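Structure of the sequence below:
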Amino acid sequence: MITGASKGIGEGIAKVYAGYGAKCVLAARGDKVLELAEELQEQGYDAIGVKTDVSDYESTKNLVETAVKQYGKIDVLVCNAGICVLEDFLSEDETFENRDKHIDINIKGVWNVTRDVLPELMKNKEGAIVIMSSVTGDMVADPGEVAYATSKAALVGFTKAMAREVAPYNIRVNAICPGYVLTPLVKGMAQQSDPESPERAIQAIAGAVPLGRLADPREVGELAAFLGCRESSYITGTQIVIDGGSTLPETSSMGQ
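Numbers count the residues shown, from 1 in each chain. Reported below is the predicted structural model:
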């Protein structure tokens, strides 16, 4: 089961899992998730799409019920659904709408889906949960990212506490902390950051990454697939950075 599976990292994860022969339940709010599931089916893979709002507990319950009805059980959950909207902390919006959206989707969304899926994994007495955090929040941050950074840092704590709680059931919980990945979300952030030339913003990001580029969503998908399979059977409660070395430089002004 992969949430946020209609585009970007979620789409990359779905295509990698499908390529390895997994039966995929793809979840996202829009119709694109149904289109991706149909695309995978046409390529000979076993996948269904379920329109889901992870911030709505009733919606996530329906997602899990649909998955179990279709396939009988759930082995792996990838919590990937998330948003990132840049906003100054002292913005003029005193409704705190942006803050609450990040909490509702990025934090409560993971909470809701995990709570619904866990009983199914516990029945199996094994399973894996992969949570999409970020280097932002836990390791680094830029101006305008307070809401996003707060939500993603919270997922590291969630990962560790959940891993400890479900270890007796042989269920593993790990977080992935990506740096910049070439996704619609990052393109949107570039548009916000440099409306006149978003491509220039993306190139500037790539220039600051030691490997000289942004990640392809499938590269994150490969890590998600590894953390979901038995080859990673002794890894739990940790966060793995996949950022092309972007968090390595000590300063931006000294050395090369």
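
Just the helices from the stretch 51-200 of the chain, written as ranges.
Here the stretch 51-200 of the chain has its helices, by DSSP state H, counting those that start in this stretch, at 57-71, 97-102, 108-124, 135-138, 146-166, 184-193, 198-207.

Out of those, the one nearest L248 is which?
helix 135-138 (10.9 Å; Cβ to Cβ). Using the backbone N, CA and C atoms, a C-beta is placed for each residue, glycine as well.

quick one: that closest one to chain centroid distance?
Mean C-alpha position of helix 135-138 versus that of the full chain (Cα atoms, centre = their mean, to the nearest Å) differs by 13 Å.

One more: stretch 31-46?
Put simply, stretch 31-46 sits 20 Å off its chain's centre (Cα atoms, centre = their mean).

closest to S246 out of the helices of the stretch 51-200 of the chain?
Proximity to S246 (Cβ to Cβ) singles out helix 135-138 among those, at 7.1 Å.

and that closest one, what does it pack onto?
Other helices and strands packing on helix 135-138, by 3 or more Cβ pairs under 8 Å, 6 or more residues apart in numbering; DSSP states H and E, are helix 146-166, strand 171-178.

Packed most tightly, which of these would that be?
Looking across these with neighbours counted as mean count of other Cβ atoms under 10 Å, the highest average goes to strand 171-178: a mean of 25.

Surely I131 touches A161?
No. Counting by Cβ atoms under 8 Å, I131 sits too far from A161 to count as a contact (11.5 Å).

Low-confidence stretches in the stretch 151-256 of the chain?
252-256 (pLDDT under 70).

Good, wrapping up.
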